[in-house]
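Colleague: this one's structure only:
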């Protein structure tokens, strides 16, 4: 990412979870932190999320999952993102994620996991660090 444009983050709500208040709070906080945010809305399929990430040229994909389906949704989303050429786009998730599932999610390539009540400034800082590290590793 060049310094010419703000960090672009996609916030997706995969699956049948109909609770989007947290996703909207995060989207607003990231906008307030100077990022461009694409919010895909409720009940998105993995394919819809990957397509939106590709079309919007995002730097990070954030998923909000409160349904308990994270162990089914996250690997499929990562798979579709990878097959769409988005393997270098970091994936972070927020929601109700049991501690026992966190190592498996991290092994699937999830770069950050944020639970209820996570500090929005810390999330924004985490995203900035992710993107800076990705830029540093990118070929010139």
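Modeller: Sure thing, it's come through. All values derive from a computational prediction rather than experimental measurement.

Colleague: just for the protein, where's the confidence low?
Modeller: Segments of the chain classed as low confidence (criterion: pLDDT under 70) are 1-3, 138-140.

Colleague: which stretches of it form strands?
Modeller: 8-12, 36-39, 60-65, 91-95, 110-114 (DSSP state E).

Colleague: what angle separates the third one from strand 91-95?
Modeller: Using axes from the mean of the first three to the mean of the last three Cα atoms, to 10 degrees, the direction of strand 60-65 lies 30 degrees away from that of strand 91-95.

Colleague: Pick out the residue nearest the middle of the protein.
Modeller: Closest to where the C-alpha atoms of the chain average out (Cα atoms, centre = their mean) is residue 62, at 1.4 Å.

Colleague: pull the longest helix from the protein.
Modeller: Using DSSP state H to define each element, the chain has its longest helix at helix 120-137.

Colleague: Name the residues of that one that are buried.
Modeller: Of the residues in helix 120-137, those buried by neighbour count under the rule 16 or more other Cβ atoms under 10 Å are 123-124, 126-128, 130-131, 134. C-beta here means a position set from N, CA and C on the backbone, and glycine is covered the same way.
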